[in-house]
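Peer 1: can't give you the sequence, but here's the structure:
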């Protein structure tokens, strides 16, 4: 394999996006379009990657924030050929350059390897082409009538009526031998309808110089689809999600409806995993054997051990969940939480930056923040760890076998000792002794002669 440079053209404005955000930063599956292209580029192990940016200024390199990339700014958008010219000082004189586009996010690595191999075989210029039933808007691949060799690419605005009938189109993705690239780019002219320097004009130069032009085709048409509007972005999102769902099904994951799942990161599943409708997975999510995720749940950067059930409408983020736990419905597990095996976190319970040991339960309407909870603890409905004093946060420690009655407030820092029982309605401000009942309640009284206030009667004027 020759030395490989990759150039990603990402300077376009994207007027039809109707947005101030640069087109290549619009999200697909929760990540910028350009990030998907960069992942593909890195998988090819190139010597260097150059990214040409323009519209949006420094927000593009600031958002991607990768110092290993070579960022090249195209001050004036004068066409794809002009964009590639800006990278010439950074490109090697030997090897080859692969040209990709920042708004074409789903090209497979296997497809590009085939293209590079075609170019490397005899130092050919290799193009990724595609046959479309409706080729409107694309540059056409012109071939010789006798041998079918590629002779040129003609942009639609410059094509004749006969050329517009050609169904083979140019995707823009190409692999070019560097020994020719520098010379060809310097010869480009802008004698066309757009007054731009077309990169596609190097095809005719290659033919003139006796360099064979090869073409390969992608396995799937959607690999070459670019984004120019929110409509196209939404369509490509569905393609991405459908492909992701298909891979999960092939791995044995049960999806209640493959058309209603969103994967915005990496989802790894063990055997017999079941996912209900409208679930969202962000970042790195691992679901071990026999995990079930209920409808409308959101999981972000989560590891869930075998046998755990996540009931519907639960949100779990930056957390680790042990075996055979029960989460939700309507539970929120916030960052920094670690649950051991067989922990129950029930409806409308929020847990933040806390560790809860095996067999403990908080089944209803509670908040546990900055807490360390031992084994076999029962936390009654309405319990709150009051961890924040308005300036600083403090820890609550609840040791093994504690029973906390409903509507209890634990004012941190505080420790509830092993085996203690807290009576319902208590406000605990000091550490409690082990194996004893602790209560903190005002005396109940009834006031004679008290009357409930009534609304004043409004008199019309």
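Peer 2: Looks like it came in fine. All values derive from a computational prediction rather than experimental measurement. Residues are numbered from 1 along each chain as shown.
Peer 1: For burial, what's the neighbour tally of the closest residue to residue 136 other than its chain neighbours?
Peer 2: Excluding its sequence neighbours, the residue lying closest to residue 136 (CB to CB, 6 or more residues apart in numbering) is residue 156, at 7.2 Å. Glycine gets a C-beta too; all of them are placed from N, C-alpha and C. Counted with other CB atoms under 10 Å, the neighbours of residue 156 add up to 15.
Peer 1: For residue 156, give its distance to residue 302.
Peer 2: Separation of residue 156 from residue 302 (CB to CB, to the nearest Å): 48 Å.
Peer 1: Check residue 239 too.
Peer 2: Remark: distance between residue 239 and residue 302 (CB to CB) = 26 Å.
Peer 1: need the next SSE after the helix or strand hosting residue 119, C-terminal direction.
Peer 2: Residue 119 is part of helix 109-121 when elements are defined by DSSP states H and E. From helix 109-121 onward toward the C-terminus, using DSSP H and E, the following helix or strand is strand 125-131.
Peer 1: Name every strand pairing with that following strand and say which way it goes.
Peer 2: strand 168-177 (antiparallel), strand 213-216 (parallel) (DSSP bridges).
Peer 1: I'd like the distance from that strand to the chain centre, please.
Peer 2: Distance of strand 125-131 from the chain centroid (CA atoms, centre = their mean, to the nearest Å) equals 29 Å.
Peer 1: now it against helix 109-121, angle please.
Peer 2: Strand 125-131 runs at 140 degrees relative to helix 109-121, counting by axes from the mean of the first three to the mean of the last three CA atoms, to 10 degrees.
Peer 1: List the buried residues for strand 125-131?
Peer 2: Of the residues in strand 125-131, 125-130 count as buried by neighbour count, 16 or more other CB atoms under 10 Å.
Peer 1: residues in contact with that strand?
Peer 2: 107, 111-112, 115-116, 118-119, 141, 150, 153, 167-177, 180, 202-203, 206, 211-218, 221, 224 (CB atoms under 8 Å, 6 or more residues apart in numbering).
Peer 1: Residue ranges of each domain in the chain, please.
Peer 2: Here the domain parsing of the chain from automatic domain parsing is 4-224, 253-438.
Peer 1: and residue 389, what does it touch?
Peer 2: Going by CB under 8 Å, 6+ apart, residue 389 touches no other residue.
Peer 1: okay, it: pLDDT?
Peer 2: Per-residue confidence for residue 389 comes out at a pLDDT of 92.
Peer 1: again with the one 3 residues further on
Peer 2: On pLDDT, residue 392 comes in at 95.
Peer 1: how close does it get to residue 370?
Peer 2: Distance of residue 392 to residue 370, given as CB to CB: 10 Å.
Peer 1: Pick out whichever of those two has more residues nearby.
Peer 2: For the pair residue 392 and residue 370, the greater number of neighbours falls to residue 370 (17 against 8), based on other CB under 10 Å.
Peer 1: and residue 362, how many residues sit next to it?
Peer 2: The criterion is other CB under 10 Å. On that basis, residue 362 has 27 neighbouring residues.
Peer 1: ah, wrong one, I meant residue 296
Peer 2: With neighbours defined by other CB under 10 Å, the count for residue 296 comes to 17.
Peer 1: contacting residues around it?
Peer 2: Residues in contact with residue 296, defined by CB under 8 Å, 6+ apart, are 276-279, 312-313.
Peer 1: Buried subset of these as a PyMOL selection?
Peer 2: Here the buried members of these are turned into a PyMOL selection, burial being counted by 16+ other CB under 10 Å:
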select buried, resi 276+278+279+312+313
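Peer 1: Check the contacts of residue 296 and tell me the two furthest apart.
Peer 2: 277 and 313 (11.9 Å; CB to CB).
Peer 1: Mutual contacts of these two, please.
Peer 2: Residues touching both residue 277 and residue 313 by CB under 8 Å, 6+ apart: 295-296.
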